[in-house]
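Asks: sequence and predicted structure are below.
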Amino acid sequence: MSPPTPANTTHDGDGIELTAAELIALRPRCNALMLPMHRPAASALAGAYRSRFRGRGVDFVESRNYQPGDDIRNMDWRVTARTGRAHTKVFQEERERPVLLVVDAGPSLFFGTRRRLKSVAAGHLAAAIAWTAVKRGDRIGAFLFAQGEHRELRPAGGRRGAMRVVQGLVDWLTPERVGQGAEPLSVALQRVRHAVRPGSLVLIVSDFYGLDDDCQRHLSRLRQHNDVVGCQVLDPAEERLPDGRYPITDGHDIAQLDTSRQGGRHRFETMSRDHVETPRRMFQRHQCGWVTMRTVDDPVEVLGRDLRMLVGRAA
């Protein structure tokens, strides 16, 4: 009998090229995870979540004045008789919830100094979310974006839906796709706003180097009709530089980076702190959730820790 797999083993890849096998291997470890929800459903016979949108459904919400176009079958005759004015019943519909992964494949994601590239860490995090969603009966889709291009995978349920996302991540998060320059995150958010179905859970996986002023407006609009969680992927070297002198290159020119100088280290740490805190504050200002994953982290452990807190707040 082979020895059991350690709990913190999350991939068999090389940390550079993402593979479907390592993303599929996450599936059994995601069974105990739970995604945050706006409000739990009351009936075990319907979907797992209660929609924010009203229509014919299983739960009566209220009676209100009849309006032209209302379904005559929903007339509340008792309230109409008592008040002398026509009233109609309003119901809360229960349904499956679409979960949409918005995944960044900008050039800054293809960097890493510990264990794996940020692009691979982002793929692991997104795949773990996908397996968690379909396990809970949600439909999973993805909006993959990079410089000047994007790909939309419409939400679908079950293993088939998760596998479509897994293959999309493998195809998209590849070093061969790296281009020159980066597209502002606001461009992707604007497209997502028009593509996402209201009532969805939207999880944005990025390092947020593409954050710009327009993100504030698009995030606010997106949050009006959806639950939103920001998932920031970081490498330890982006938070603290090791001491020493290191050759660096942009592919053309070569220079020496001296990280032992106090002034330079202080400027770097200030810049790093701003990079971590600015997007987190923006998301929390709009009452969005927040998850932080480093390239050395286990994605299932990160989601188990951070999503548990989000689920607790929503309960």
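Replies: Sure, I can see it. Keep in mind it's a predicted model, so treat the numbers as computed, not measured. Numbering: from 1, shown residues only.

Asks: can you pull out the low-pLDDT segments for this structure?
Replies: 1-12, 37-61, 69, 91-96, 179-181, 309, 311-315 (pLDDT under 70).

Asks: residue boundaries of the strands in it?
Replies: Secondary structure of the chain (DSSP state E): strands at 49-65, 87-95, 98-104, 139-146, 149-156, 201-206, 227-234, 245-249, 254-258, 289-294.

Asks: tabulate the ones you listed (JSON lines), appending mean neighbour count and distance to Arg281.
Replies: Just so you know, the C-beta spots here come from the backbone N, C-alpha and C atoms, and that holds for glycine as well. Formatted as JSON lines, these follow (neighbours: other Cβ atoms under 10 Å; distance: least, Cβ to Cβ, whole Å):
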{"stretch": "strand 49-65", "mean neighbour count": "15", "distance to Arg281": "25"}
{"stretch": "strand 87-95", "mean neighbour count": "18", "distance to Arg281": "33"}
{"stretch": "strand 98-104", "mean neighbour count": "26", "distance to Arg281": "19"}
{"stretch": "strand 139-146", "mean neighbour count": "24", "distance to Arg281": "23"}
{"stretch": "strand 149-156", "mean neighbour count": "17", "distance to Arg281": "27"}
{"stretch": "strand 201-206", "mean neighbour count": "26", "distance to Arg281": "15"}
{"stretch": "strand 227-234", "mean neighbour count": "24", "distance to Arg281": "11"}
{"stretch": "strand 245-249", "mean neighbour count": "9", "distance to Arg281": "30"}
{"stretch": "strand 254-258", "mean neighbour count": "10", "distance to Arg281": "29"}
{"stretch": "strand 289-294", "mean neighbour count": "20", "distance to Arg281": "9"}
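
Asks: of those strands, which is nearest His124?
Replies: Closest to His124 of the strands of the chain, according to Cβ to Cβ: strand 289-294, at 8.4 Å.

Asks: export the strands of the chain to JSON lines and tack on distance to Val165?
Replies: Converted to JSON lines, these look like this (distance: least, Cβ to Cβ, whole Å):
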{"stretch": "strand 49-65", "distance to Val165": "19"}
{"stretch": "strand 87-95", "distance to Val165": "20"}
{"stretch": "strand 98-104", "distance to Val165": "7"}
{"stretch": "strand 139-146", "distance to Val165": "5"}
{"stretch": "strand 149-156", "distance to Val165": "6"}
{"stretch": "strand 201-206", "distance to Val165": "12"}
{"stretch": "strand 227-234", "distance to Val165": "15"}
{"stretch": "strand 245-249", "distance to Val165": "35"}
{"stretch": "strand 254-258", "distance to Val165": "38"}
{"stretch": "strand 289-294", "distance to Val165": "17"}
